[in-house]
Structure formats: structure tokens, C-alpha cells
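Trainee: Sequence first, then the predicted structure, then my questions.
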Amino acid sequence: MFTKLDDSITGYSLVISESCHGTTATWENDQTIIDSSNKAWKVHANGFTVNNDWRIGDASLLLYWNQTVYRQNYDDPPKWWKWINSTWVSTNDPRPSLNSTVTPRYTLPPSTGRYESLSHKRILYTVNH
């Protein structure tokens, strides 16, 4: 975990920024998710923490998607939960499946190329004439 530094100690400050859309955390990858309210979420081998406080419930994966924290547990098949209004609500994996169709959000005229924003990935296609 991290510790917030006091500005008066060294003149430096710790800047904590929100995690990117699609960030995942497992105990194997040792990642921390920072949500939009600057809470730090981390998975451990025997549970998970939020700002160093242990939470009840298992988690094999934490996912930050559209400014919401999701938790996948160890059930078979795994179940998904999302953190809404300080409680876990049962849900599905929010990520699109590999078989789903993604519609481009932005399109430029074919003469200049085509730009698509697919969730957190940006792709520029150029058209050769």
C-alpha cells in the first residue's frame, strides 16, 4: 500500500490519480486500483482491502470499469459484484464479450481516414487511395 506524505516534510507531495478504465487487480499482479474518490483497492491472497481496511468477502479479481469497482469471487462459475452506494450488488462482468459488436463512437470522412474510440483503446485507420 502507499502512505500519503506530509508536504511539510520534504516539500514534495504524493499525487494519487484515479486508475484507468479497465484496470484489473489480482493478488498475483500486485496492482492497486484507485477509484474516483481516491480509495485504494487491493487484492490479497486471503481477501481484499480498501484503504488498508480488510473487507469481508473473497475476491479473485478487482476491476475498475466506468468509475465503478467490480469484484469477481472464487465461486464456480465465478460471480460478479459491483460497489454501489457502499454495498456490493450482484451483477455480470461489465466488459464486452469477444463475440459482441462494438460500434465506433467517432468517424471522420473516408477521405481523411477513420478514427474510432473503443472504450479505453484508440485506433486510427488511414485510407489509402
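Mentor: Arrived safely. Residues are numbered from 1 along each chain as shown.
Trainee: And the lowest mean pLDDT element among the helices and strands of this protein?
Mentor: Within the chain, no helix or strand scores below strand 114-118, which has a mean of 46 by mean pLDDT, DSSP states H and E.
Trainee: Give me the neighbour count for Trp41.
Mentor: Residues near Trp41, counting by other CB atoms under 10 Å, number 24. From N, CA and C alone the C-beta is placed, and that goes for glycine too.
Trainee: what's the closest residue to Asp35 other than its chain neighbours in contact with, if anything?
Mentor: Computed as CB to CB, 6 or more residues apart in numbering, the closest residue to Asp35 that is not its neighbour in sequence is Val69, at 5.7 Å. With contact set as CB atoms under 8 Å, 6 or more residues apart in numbering, Val69 has these partners: 33, 35, 41, 62-63, 82-83.
Trainee: what's across from Val69 in the sheet?
Mentor: Tyr64 (DSSP bridges).
Trainee: ok, now how distant is it from Asp76?
Mentor: To Asp76, Val69 is 23 Å away according to CB to CB, to the nearest Å.
Trainee: which ones are touching Asn46?
Mentor: Here Asn46 is in contact with no residue (CB under 8 Å, 6+ apart).
Trainee: Please report phi then psi for it.
Mentor: The phi and psi values for Asn46, taken as degrees, to the nearest 10, are phi -120, psi 30.
Trainee: residues in contact with Ala45?
Mentor: Counted by CB under 8 Å, 6+ apart, Ala45 has contacts Trp27.
Trainee: Return the per-residue confidence for it.
Mentor: We have a pLDDT of 76 for Ala45.
Trainee: Report the buried residues of stretch 23-37.
Mentor: In terms of neighbour count (16 or more other CB atoms under 10 Å), stretch 23-37 has its buried residues at 23-27, 31-35.
Trainee: Can you pull the poorly scored residue ranges out of the chain?
Mentor: Counting by pLDDT under 70, the chain contains low-confidence residues at 1-15, 56-57, 98-129.
Trainee: what distance separates the start and the end of stretch 36-51?
Mentor: One end of stretch 36-51 sits 13 Å from the other (CA to CA, to the nearest Å).
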